[in-house]
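[1] Can you look at this prediction? I've put the sequence above it.
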Amino acid sequence: MLPKDTKTDYLIFTDLDGTLLDHKTYDFNEAKEILEYISEQKIPLIIVTSKTKDEVIELQKRLGISYPFIIENGAGIFIPKEKSFELISLGKSYETTITSFKKYSKEFPIKGFHEMSDEEVSLYTGLSKDKSNKAKKRTFSEPFILKDEMNIEKLKQLVLEDGFDVVKGGRFYHLITFGQDKAKAVIEMKKYYENLYNKSFKTIALGDGENDITMLKCVDIPILIKKYDGSFINCKINNLIKSRFIGPKGWNDSLKGVLNVK
């Protein structure tokens, strides 16, 4: 459950892979300084990811937090209650998504998570078999590989007819509900907090991928994290802050500056 009151004026929204988590090791050790500061100051750290509910719950345990979180590129918001979660659905069901995906796979060289074994997902992601199994337990969207990226625009046109969209993440493309994105979920979450505590919050968001752009555009302080190869995605936002370092080190360093931590 969320606390009855809060002293902080900030909400921090963060992507995971390549941002808070190292792209290769999924480790967050280099972000521990600011993670501890955020914990001490009781600043809500709201995960916004393409990952699943089970994956985020496991990570929250490692981080020692129990704040709301946003899964599968903005498709669902989970808000902790006493013994369960309240779910705010913003996307089509997984069953509906897979039915359409199977239709598209007859015309395009795509392969989704539902067609892959735990071992195959592990091969693509570097996750253990157990974590790969959690990654496959989808609620809304379907990650997939596209063998010929020249087809991406044609695929996008086709899925649009059924009310879907395709976004690109750090490792995979994702079939999501059209109109669903991280920004809408972030805005919904901000409203939730402001109604709950009857006050305004300043929002910070951190991300490194193309599917983070809408989220970065909708917050007060957008922070673009340098990718694992040292590059930045093409992202034009007037007040954009670009990290000096990659991954969790860049996450830590950037928030240290924004929050004025000595």
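    Structure received.
[2] Where do the strands of the stretch 151-262 of the chain begin and end?
    Taking DSSP state E, counting those that start in this stretch as the test, the strands found in the stretch 151-262 of the chain are 164-168, 173-177, 202-207, 221-226, 241-246.
[3] per-domain residue ranges of the protein.
    10-89+181-258, 94-177 (automatic domain parsing).
[4] What mean pLDDT does the first one get?
    Same thing as domain 10-89+181-258. The average pLDDT for domain 10-89+181-258 rounds to 97.
[5] Endpoint to endpoint, it covers what distance?
    11 Å (CA to CA, to the nearest Å).
[6] and it, how far from the chain's centre?
    Relative to its parent chain, domain 10-89+181-258 has a centroid offset of 7 Å by CA atoms, centre = their mean, to the nearest Å.
[7] May I have the beta-bridge partners of K168?
    Here K168 sits in beta bridges with Y173, going by DSSP bridges.
[8] where's it relative to L127, distance?
    Distance, K168 to L127, by CB to CB, to the nearest Å: 19 Å. From N, CA and C alone the C-beta is placed, and that goes for glycine too.
[9] I'd guessed L146 sits against Y104; true?
    No: with contact defined as CB atoms under 8 Å, L146 does not count as touching Y104 (10.3 Å).
[10] anything in contact with each of the two?
    110, 155 (CB atoms under 8 Å, 6 or more residues apart in numbering).
[11] Which of the strands of the stretch 151-262 of the chain sits closest to L155?
    Closest approach to L155 among the strands of the stretch 151-262 of the chain (CB to CB): strand 164-168, 6.1 Å.
[12] And that closest one, what's buried?
    Neighbour counts using 16 or more other CB atoms under 10 Å place 164-167 of strand 164-168 among the buried residues.
[13] Show me which of those residues is closest to Q180.
    Among the buried residues of strand 164-168, and counting by CB to CB, the member closest to Q180 is D165, at 7.3 Å.
[14] Contact partners for the residue nearest to that closest one when sequence neighbours are not counted?
    Once flanking residues are discounted, D165 sits nearest to F178: 4.5 Å by CB to CB, 6 or more residues apart in numbering. Residues counted as contacts of F178 (CB under 8 Å, 6+ apart) are 159-160, 163-165.
[15] 10 Å instead?
    F178 makes contacts with 91-92, 156, 159-166, as judged by CB atoms under 10 Å, 6 or more residues apart in numbering.
[16] neighbours around the residue lying closest to D22 once chain neighbours are set aside, how many?
    With sequence-adjacent residues excluded and distances taken as CB to CB, 6+ apart, D22 is closest to G247, at 4.9 Å. Applying other CB atoms under 10 Å, we find 26 residues neighbouring G247.
[17] now do K83
    K83 has 6 nearby residues by other CB under 10 Å.
[18] can you start the count at 493 instead of 1 from here on
    Sure thing, new numbering starts at 493, so read that last one as K575.
[19] list the contacts for it?
    Shown in contact with K575 (CB under 10 Å, 6+ apart): M493.
[20] Now it, what are its backbone angles?
    Recorded main-chain torsions at K575 are phi -130, psi 10, according to degrees, to the nearest 10.
[21] which residue sits closest to E550, ignoring its sequence neighbours?
    Here the residue nearest E550, using CB to CB, 6+ apart, is K626, at 6.7 Å.
[22] circling back to that earlier point, the residue nearest to D514 reaches D721, doesn't it?
    No: using CB atoms under 10 Å, G739 makes no contact with D721, being 11.0 Å away.
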